[in-house]
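Chemist: need a 3D model of the following:
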Amino acid sequence: MHFKKKAIIAAVVFTFLLATTVWFKVFYLGSLPRNIEEEAGIKVTAIQLVSDFKTNEPAAYKKYTDDKDGKKAVEVTGVVQNVNLSEDTLVCISLKSNDPFTDVFVTLKKGETTQPNIGNTCTIKGVCTGILTSVSIQDAILIK
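Modeler: Presented below is the predicted three-dimensional model:
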């Protein structure tokens with residue numbers, strides 16, 4: 001009887017620890033904002049990024065967006081085609097590609113106010129969310 005009581009207590013403690021660990025990972029860690037500055041990004045040019053999505057979209061999604069939360073950090077270098085502000089006053093940058101109908105559309109994260117000059121080459125790190133008419137990079141920072 002004494003062994004049965006210890007087994008029940010051990011099972012209750014184990015269940016509590018398991019539930020606490022799951023809660024911590026799902027609800028606490030999952031709600032923390034990403035710190036893109038500290039993440040290692042996949043280095044790619046804007047031309048290559050667009051080309052990858054245009055030639056084999058499923059493979060590009062796997063390479064640039066499949067991660068624990070569905071988005072990987074990418075570090076994109078390209079020539080600035082356009083710079084403007086969104087309705088939320090976020091800086092939006094278009095990087096040129098070899099495709100006249102597709103570019104890399106980057107939205108800098110809130111608080112990033114530096115705007116690169118049109119025609120200059122810059123490097124941006126953010127999270128790739130895929131392609132619609134442009135390859136989209138969100139929550140980005142301007143590296144250079």
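Chemist: using CSV, list the CA coordinates for the longest helix seen in the chain.
Modeler: The single longest helix within the chain, with elements called by DSSP state H, is helix 2-23. This file holds the C-alpha atoms of helix 2-23, laid out as CSV (Å, rounded to 0.1, in the frame of the first residue of the first chain):
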residue,chain,number,x,y,z
HIS,A,2,2.9,2.4,0.8
PHE,A,3,4.4,1.8,-2.7
LYS,A,4,1.0,2.6,-4.3
LYS,A,5,0.8,5.9,-2.5
LYS,A,6,4.3,6.9,-3.6
ALA,A,7,3.5,6.0,-7.2
ILE,A,8,0.4,8.2,-7.2
ILE,A,9,2.3,11.1,-5.7
ALA,A,10,5.1,10.7,-8.3
ALA,A,11,2.5,10.5,-11.1
VAL,A,12,0.8,13.7,-9.9
VAL,A,13,4.2,15.5,-9.6
PHE,A,14,5.3,14.3,-13.1
THR,A,15,2.0,15.4,-14.6
PHE,A,16,2.3,18.8,-13.0
LEU,A,17,5.8,19.3,-14.3
LEU,A,18,4.9,18.2,-17.7
ALA,A,19,1.9,20.6,-17.9
THR,A,20,4.0,23.5,-16.6
THR,A,21,6.7,22.8,-19.2
VAL,A,22,4.1,22.7,-22.0
TRP,A,23,2.5,25.9,-20.8
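Chemist: following it, which helix or strand comes up?
Modeler: The element immediately downstream of helix 2-23 (helix or strand, assigned by DSSP states H and E) is strand 42-45.
Chemist: check which residues of the helix or strand following that next one are buried.
Modeler: Later in the chain than strand 42-45, the nearest helix or strand by DSSP H and E is helix 46-55. Using 16 or more other Cβ atoms under 10 Å as the test for burial, helix 46-55 gives 46-47, 49-54. Glycine gets a C-beta too; all of them are placed from N, C-alpha and C.
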